[in-house]
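Chemist: generate a structure from the sequence data that follows.
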Amino acid sequence: MTHNDSNTPLLADVAERYVKLVLAMGRHDASYVDAYYGPPAWQEEANAQPRSLRDIQAAAQTALALLAGDASLRAINLRTQLQAVLAKADMLQGTRLDFDTESARLYDAVSPHHDRAYYAALVAEIDALLPGAGSVSERVNALRAQLIIPADKLRAVMDAAIRAGRERTLQHIALPEGEDFVLEFVTDKPWSGYNWYKGNYQSVIQINTDLPVYIDRAVDLGCHEAYPGHHVYNVLLERDLVRGRGWVEYCIYPLYSPQSLIAEGTANYGIELSFTDAERLAFEQQVLYPLAGLDPALAPRYAQLNGLLARLSYADNDIARQYLEGSLTREEALEWLVNVRLYPAEKSAQRLQFYDAMGAYVINYNLGQDMAKAYVERQGATRAQHWAAFRDLMSSPRVPSALLP
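Modeler: Numbers count the residues shown, from 1 in each chain. Okay, the predicted model is just below:
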């Protein structure tokens, strides 16, 4: 049986069951429900009548059985999200999954593996870009030390970066009137930035100031967390799917689910979609560096360095996998982060905290970005076509495995 109509009563019933199951899971893991703006009564019911993990799993299996044979995009998405509920419930009951199994079951994708030699070749290119005494890591961090946004300039720099991302986004994506966000600076978090979507087209965006915020992070965080990233993603889901089609499954966002690969992947790809390398360099050099009181003459070399560092991003996945599976000790993982990933030592400790807290979630950023980019760029050759495909990807029920050619 194939339903071409994605608004059948059966699908509406499964969608409601799914939302209630995710709310029930949130009672077992405080970080599980990332956003919820559905009926308050469903949240009250989840709090008043807690369900055991086994009960949640049985109910998820029942919901999955109702979807059997339905090949609509909506049903495929519900099925994939429900399978991730089952996987997370297994993990919360003590099942140990290896890294790739965890990423496949939670995020519907598996990251490629690379050995240290693969990254050594990239590190050698950075070595050549930054000649001098000391290790490559020390030289990278010596340059970075000149590019820290002073604390008293951080809000002005972030405001300018977010405004530029918003202007570029609005040229291609119409957003509802009244959409907005609040920007906050916080400490003591395992992440560098976070978007908390509140419903009604509003977000709270938090930037973690525990560690220095380098000048390149302004555009990265502004695009990723706000425009055209997480804020826009959630606004489009609420407007087009929850309100526009009555698809209640999108009023909730379980963090450990395939939806995160789409969310993080589009948020990261949105950075390069908004700014070509040349546009970004010009904007940083002419606007952000002066606002931060930094030397604009450093911008071209730093942009070149960041282009090379981006190619090291998969080291994050390889370090996380080996560390979490026990083939790298904590000390060895820190050494990889410093000498392979070229993180500052203090940021490396924070990164291990992130792996411990989030497991295979790390693949959603780089693998998600590459999958979103490849998918979008297959849909057309022009920038306008890329923006249209990007917008479509963010506001339609596509699962990660469906992005592959």
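
Chemist: buried residues of whichever strand or helix holds Glu332, list them for me.
Modeler: Using DSSP states H and E, the element containing Glu332 is helix 330-339. Along helix 330-339, these residues count as buried under the neighbour rule (16 or more other Cβ atoms under 10 Å): 333-334, 336-339. Bear in mind the C-beta positions are built from the backbone N, C-alpha and C, glycine included.

Chemist: any chance of TSV for these, columns distance to Leu53 and pLDDT?
Modeler: TSV is the format used below for the buried residues of helix 330-339 (distance: Cβ to Cβ, whole Å; pLDDT from 0 to 100):
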residue	distance to Leu53	pLDDT
Ala333	30	98
Leu334	34	97
Trp336	34	97
Leu337	34	97
Val338	39	96
Asn339	41	95
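
Chemist: of those, which is the nearest to Glu279?
Modeler: Looking at those and their distance to Glu279, the nearest is Leu337, at 30.8 Å (Cβ to Cβ).

Chemist: contact partners for the closest residue to that closest one other than its chain neighbours?
Modeler: With sequence-adjacent residues excluded and distances taken as Cβ to Cβ, 6 or more residues apart in numbering, Leu337 is closest to Ser348, at 3.7 Å. Contacts were defined as Cβ atoms under 8 Å, 6 or more residues apart in numbering; by that measure Ser348 touches 334, 337-338, 341.

Chemist: can you list the weak-confidence ranges in the stretch 1-150 of the chain?
Modeler: Along the stretch 1-150 of the chain, the model assigns pLDDT under 70 to residues 1-5.

Chemist: sorry, back to before: helices and strands around the helix holding Glu332, which ones?
Modeler: helix 136-145, helix 314-325, helix 345-358 (3 or more Cβ pairs under 8 Å, 6 or more residues apart in numbering; DSSP states H and E).

Chemist: most tightly surrounded among the ones you listed?
Modeler: When you average the neighbours per residue for each of the helices and strands packed on helix 330-339 (mean count of other Cβ atoms under 10 Å), helix 314-325 leads with a mean of 22.

Chemist: what mean pLDDT does that one have?
Modeler: For helix 314-325, the mean pLDDT works out to 98.

Chemist: and Asp159, what pLDDT?
Modeler: Reading off the model, Asp159 has pLDDT 98.

Chemist: nearest residue to it other than its sequence neighbours?
Modeler: If the residues on either side of it in the chain are set aside, Asp159 comes closest to Leu183, at 7.3 Å by Cβ to Cβ, 6+ apart.

Chemist: so what touches whatever helix or strand that neighbour lives in?
Modeler: Using DSSP H and E, Leu183 falls within strand 180-186. Where contact means Cβ under 8 Å, 6+ apart, the residues beyond strand 180-186 that reach it are 154-155, 158-159, 162, 195, 201-209, 226, 231.

Chemist: now with 7 Å, please.
Modeler: When contacts are taken as Cβ atoms under 7 Å, 6 or more residues apart in numbering, the neighbours of strand 180-186 outside the stretch itself are 154, 158, 202-209, 226, 231.

Chemist: one more: stretch 105-114?
Modeler: The list of residues contacting stretch 105-114 from outside it, by Cβ under 7 Å, 6+ apart, reads 80, 83-84, 87-88, 97, 100, 103-104, 256-258, 260-261, 314, 317-318, 360, 363-364, 367, 371, 399-401.

Chemist: which residues of the chain fall in strands?
Modeler: Counting by DSSP state E, residue ranges of the strands within the chain are 33-36, 180-186, 193-199, 202-208, 252-254.

Chemist: pick the most deeply packed of those.
Modeler: Using mean count of other Cβ under 10 Å, the stretch among those with the largest mean neighbour count is strand 252-254, at a mean of 25.

Chemist: what about that one, distance to the chain center?
Modeler: How far strand 252-254 lies from its chain's middle: 14 Å, per Cα atoms, centre = their mean, to the nearest Å.

Chemist: tell me what it is packed against?
Modeler: On a contact count with 3 or more Cβ pairs under 7 Å, 6 or more residues apart in numbering; DSSP states H and E, strand 252-254 meets helix 9-26, strand 33-36.

Chemist: C-alpha coordinates for the first one, CSV please?
Modeler: In other words, helix 9-26. Backbone C-alpha positions of helix 9-26 (Å, rounded to 0.1, in the frame of the first residue of the first chain) are rendered in CSV as follows:
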residue,chain,number,x,y,z
PRO,A,9,-5.9,10.1,9.3
LEU,A,10,-3.5,7.2,9.9
LEU,A,11,-0.4,9.4,9.5
ALA,A,12,-1.9,12.1,11.7
ASP,A,13,-2.5,9.4,14.4
VAL,A,14,1.1,8.1,14.1
ALA,A,15,2.5,11.6,14.2
GLU,A,16,0.6,12.3,17.5
ARG,A,17,1.9,9.0,19.0
TYR,A,18,5.4,9.9,17.9
VAL,A,19,5.3,13.4,19.6
LYS,A,20,4.0,11.8,22.8
LEU,A,21,6.7,9.1,22.7
VAL,A,22,9.4,11.8,22.3
LEU,A,23,8.0,13.7,25.2
ALA,A,24,8.0,10.5,27.3
MET,A,25,11.6,9.9,26.3
GLY,A,26,12.5,13.4,27.6
